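S.K.: Starting from these lines, generate the structure:
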Amino acid sequence: MATQVVNLDNFVESDEDVEDALVSSVASLIHADGQTWPLHAGETVVGRGDAADMSLPEFSSLSGAHVRFGINAETQVCTVTDLGSTNGSQVAFPDGESNSKNLLDVKHCFCTAGTIVKLQARIPEVLMEGSKVVLGVEEFEFKWTPDQHDAACT
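M.R.: This next block holds a predicted model:
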């Protein structure tokens, strides 16, 4: 599967560009402050550095290449893999649902509910709709695009 590069610094120039990117996306990351970034089928590296597909330099707790999201739109599977980041990554699964062996006590995470998983470097973790992904100290929510999620559920 080909990798689709989404560097928002070069891609988004107006509100219409943001809307177009979200419409063509299969999923999105929603920051705790409400900002939303599209995720497309294939692989997307998220980090603070210019070389990241999704460069988020405003978040100083992110490494240059912090995590990789891998999305298979046909099977509706999204994985997140920590790329050896300095400040680590965690996932909180809604309703305590996870098959992971890397469970943490909730008190060790910035999230407040669900089953918490500390990502091990280079070991992918499958995300679920509504999972909270903590990159360094920044919290994001993973959401499938409604059309994509509805198609998988039928």
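S.K.: so how far is K118 from D53?
M.R.: According to Cβ to Cβ, to the nearest Å, D53 stands 24 Å off from K118. C-beta coordinates here come from the backbone N, C-alpha and C atoms, glycine included.
S.K.: Please identify which of the two sits among more neighbours.
M.R.: A count of neighbours by other Cβ atoms under 10 Å puts D53 above the other of D53 and K118, at 22 against 17.
S.K.: My read is that the more buried one contacts T44, right?
M.R.: Yes. Between D53 and T44 there is a contact under Cβ atoms under 8 Å: 4.7 Å.
S.K.: This protein: strands as residue ranges?
M.R.: Ranges of strands in the chain, per DSSP state E, are 27-31, 36-39, 42-47, 54-55, 67-72, 77-82, 89-93, 103-104, 115-118, 125-126, 132-135, 138-144.
S.K.: Worst mean pLDDT among those strands?
M.R.: Ranked by mean pLDDT, those bottom out at strand 103-104, with a mean of 42.
S.K.: Identify each buried residue in stretch 123-137, please.
M.R.: 124-125, 127, 131-136 (16 or more other Cβ atoms under 10 Å).
S.K.: Closest one to V26 out of the residues you listed, please.
M.R.: Set against V26, the nearest of the buried residues of stretch 123-137 by Cβ to Cβ is L127 (12.3 Å).
S.K.: Quick check, pLDDT for that closest one.
M.R.: Note for L127: predicted pLDDT of 93.
S.K.: Pretty sure it sits against E141.
M.R.: No. L127 lies out of contact with E141 (Cβ under 8 Å); the separation is 10.2 Å.
S.K.: Residues that sit against both of those two, list them.
M.R.: Here L127 and E141 share the contacting residues V133, scored by Cβ atoms under 8 Å, 6 or more residues apart in numbering.
S.K.: From L29, how far out is T36?
M.R.: As judged by Cβ to Cβ, T36 and L29 stand 7 Å apart.
S.K.: Ok, G49 next?
M.R.: Per Cβ to Cβ, G49 is found 17 Å from L29.
S.K.: When the two are compared, which one has more neighbours?
M.R.: Shown here are G49 and L29; by other Cβ under 10 Å, L29 has more neighbours (23 against 14).
S.K.: pretty sure that one contacts L39?
M.R.: Yes. Counting by Cβ under 8 Å, L29 does reach L39; the two are 6.3 Å apart.
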